[in-house]
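Colleague: I would like to see how this sequence folds:
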Amino acid sequence: MIDEAFHLTPLDVRRFDFGRALRGYDPARVDQFRDQVADEMERLTRINQDLDQKARSFHEQLRAFRERDRALNDALVSAQQLRQETKEQAEREAMLIVREAQGEGERLLDEVRAEVRRVQDELAVLERARRSYLSQLRTLITRHLSEIDAAERPVPGTGE
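Modeller: Predicted coordinates for the structure are as follows:
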């Protein structure tokens, strides 16, 4: 646990004066140890700063990844909505095309039926005209045969 009230820097360690006592520690060894502690603190401070920088970088990357993830999710939702809308539009267009094709088919069928009726009526007219022609021809032929028969009969007074 870090005590927030006590901050010790490498410079504080280097400048700290232990004071002199009569049978105290060897000043050279204390200075050497103090330098080692200060060097280690400097090294740890640099490592800590590097780790802090990396942590900030990782937090920034994480934020960017979360933003991208959110953007991708939004894009996915939009794509799904667009796909659904496109599908519904295609179904509506397909139904419209089918209705138009059915209408066109009915129209063509009505035209064909009308044409069939017209041709049948025309055929009936032609059949009546043929029968009338044959009847007139039969009448003409019968009349001509009657005239031939009459011409072949002996004329009275000619002796035949």
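
Colleague: all contacts plus neighbour counts: C-alpha atoms, from now on.
Modeller: Noted.

Colleague: what helix or strand does the residue most central in space within the chain sit in?
Modeller: Residue closest to the average C-alpha location in the chain (CA atoms, centre = their mean): R83, at 4.7 Å. Using DSSP states H and E, R83 falls within helix 27-152.

Colleague: who does the least confident helix or strand in the chain by mean pLDDT touch, helix- and strand-wise?
Modeller: One helix or strand of the chain scores below all others by mean pLDDT, DSSP states H and E: helix 10-15, with a mean of 77. Packing partners of helix 10-15 (3 or more CA pairs under 8 Å, 6 or more residues apart in numbering; DSSP states H and E): helix 27-152.

Colleague: I'd like the average pLDDT over the helix it packs on.
Modeller: Helix 27-152 shows an average pLDDT of 94 in the prediction.

Colleague: so how far is it from its chain's centroid?
Modeller: With CA atoms, centre = their mean, to the nearest Å as the basis, helix 27-152 stands 8 Å off its chain's centre.

Colleague: List the buried residues of stretch 7-22.
Modeller: Buried residues in stretch 7-22, counted by 16 or more other CA atoms under 10 Å: P10, V13, R14.
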